[in-house]
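Colleague: need a 3D model of the following:
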Amino acid sequence: MMITKMALPRRTFLRGLGASVALPLLESMVPALTAQAATVANAPRRLGFVFIPMGMNPEPWTPREVGRLTQLSPSLASLTPHLDDVTVVTNMELENAHTTGNHASSNAAFLSCLKGKRTEGSDYELGITVDQIAAQQIGTDTPLPSLEVGTDLIVQVGSCDNGYACVYQNNLSWASPTSPLPTEADPRVVFERLFGDGGTPEQRRAEMHKNASILDWVLDDMAKLQHNLGASDRTRVDEYVSTVREVERRIQLAEQGSASAPLPDLTRPTSVPAEWEDHVKLMFDLQVLALQADLTRVVTFQMAREASTRTYPQIGVPEPHHPISHHVNDPEKLAKLAKINAYHVSLFAYMVDRLKSTEDGDGSLLDHSTYMLGSGMGNPDVHDHRNLPIIVARGGGDKKWGGRHVKYDALTPLANLHLALLDDVGVHLDSFVDSTGHATEVMEPSSL
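Modeller: Residues are numbered from 1 along each chain as shown. Sure, this is the predicted structure:
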């Protein structure tokens, strides 16, 4: 690594045996005597998608106000601290998700807006997803064009939904009609994908057994770097390194807990926390690290897969999610579905908070990112794909982008929003699948 006091390359890495740690955007990475010299305003834009399964209970989800929001609905209340950074969108639909395999198509169409080929075999076919369209243009300058993560550990095979192959439920992201991109749920695997570089698996395991940090392998480069940085850059690097170390510590704690368990769960990798909420937050924190270091600019996160039978006893819902979603208007089931919805949103609020509190260039990561949370299903009781639950989080710096409820008068293709999200990161398409226009009203700065 070469360091000068004048400027650092944006692609500066701290290297050591088995490790390669990219750095966040620093002032010293801005060339001297340019219009950017005083700030780093031209930070790259990032795009993220978070999928939640099986729709929502619309009554506690939907804000009563349309236009400017002064209060969020009960299911969205955890986002109140970030009210000005979120836009709630209602009356969007996925028309092509209406199939005989409604769970498979909810997952598959969420980012593709397409109807997958009905097959139980390996001759599956869908189409390129919006995240990969973005990655083809804004992911070419990063080590990872895109990052696909989730929390479901078992990859299902065969037929999962009325003649539709499990591949449609396992994967959100598709690079081509026949190329689904695997979703990774093991935090250790993701961490090593971001920071591992060289070294044999045996060497890495030996270091892990000593509870060594990957940062210990780059101490020499770290010392040289810190000596040549200004005060503000040293602070930013210290904060970033502390976050890397904390995420790694949590992975190690999960591994230690698995090793000491009397009856280890053989279906769960040792680095996966025992509690699902801890797993979700760890995967969100890994996304933040990847975005902060510009290792990728495009992320998809499957918080839970369609037709999930996950239980949530921690919030008073010990029954599996899928049977509850078929509520037949039973008040008790509807109340539990609302609890699950609110819980999922609260975890998304955690991510928004992390993005907002992480410095990036002249603002925060949230100022330079757009994240969409949503589901491919509206009313899960009847497998409906209309009035989807959609939230867009976007920081604005000096401008206010959120604090609104955009309610369409008529059902509007989700593809319209995908086009607007692409526009927001500088990727411009005239149309996408069944789009009828660009949902510019969602992405424009608020004038309310």
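Colleague: what about the helix or strand hosting Phe191, average pLDDT?
Modeller: According to DSSP states H and E, Phe191 maps onto helix 187-195. The average pLDDT within helix 187-195 is 91.
Colleague: and the contacts of it?
Modeller: 19-22, 144, 147, 149, 184, 204, 214, 244, 247-248, 250-251, 254-255, 269-273, 279, 282-283, 286, 289-290, 293, 295 (C-beta atoms under 8 Å, 6 or more residues apart in numbering). For every residue, glycine as well, the C-beta is placed using N, CA and C.
Colleague: looking at the residues you listed, which are in strands?
Modeller: Ala19, Ser20, Val21, Ala22, Leu147, Val149 (DSSP state E).
Colleague: what about Ser75, distance to Val88?
Modeller: 10 Å (C-beta to C-beta, to the nearest Å).
Colleague: returning to that earlier point: are any of the ones in strands among the contacts of helix 187-195 buried, and which?
Modeller: Listed as buried from those are Ala19, Ser20, Val21, Ala22, Leu147, Val149; burial here means 16 or more other C-beta atoms under 10 Å.
Colleague: show me the beta-bridge partners of the third one.
Modeller: Applying DSSP bridges to Val21 gives these bridge partners: Leu14.
Colleague: pLDDT at it, what is it?
Modeller: 75.
Colleague: identify the farthest-apart pair in the buried ones among the ones in strands among the contacts of helix 187-195.
Modeller: Greatest spacing in these, by C-beta to C-beta: Ala19 and Val149 (20.6 Å).
Colleague: give me the most central residue, the protein.
Modeller: Phe301 (4.1 Å; C-alpha atoms, centre = their mean).
Colleague: tell me how far the closest residue to that one other than its chain neighbours lies from Val382.
Modeller: Counting by C-beta to C-beta, 6 or more residues apart in numbering, Phe301 lies nearest to Val50, which is 4.8 Å off, once chain neighbours are set aside. In this view, Val50 and Val382 are 24 Å apart by C-beta to C-beta.
Colleague: same deal with Gly376?
Modeller: 14 Å.
Colleague: now do Pro445
Modeller: For Pro445 relative to Val382 (C-beta to C-beta), the value is 37 Å.
Colleague: likewise Asp430?
Modeller: Taken as C-beta to C-beta, the span from Asp430 to Val382 is 34 Å.
Colleague: do Thr129 as well
Modeller: 26 Å.
Colleague: more neighbours, those two?
Modeller: Of the pair Thr129 and Val382, Thr129 is the one with more neighbours under other C-beta atoms under 10 Å, namely 29 against 11.
Colleague: quick one: that one and Ser173 touch, right?
Modeller: Yes. Look at Thr129 against Ser173 with C-beta atoms under 8 Å: they come within range, at 5.2 Å.
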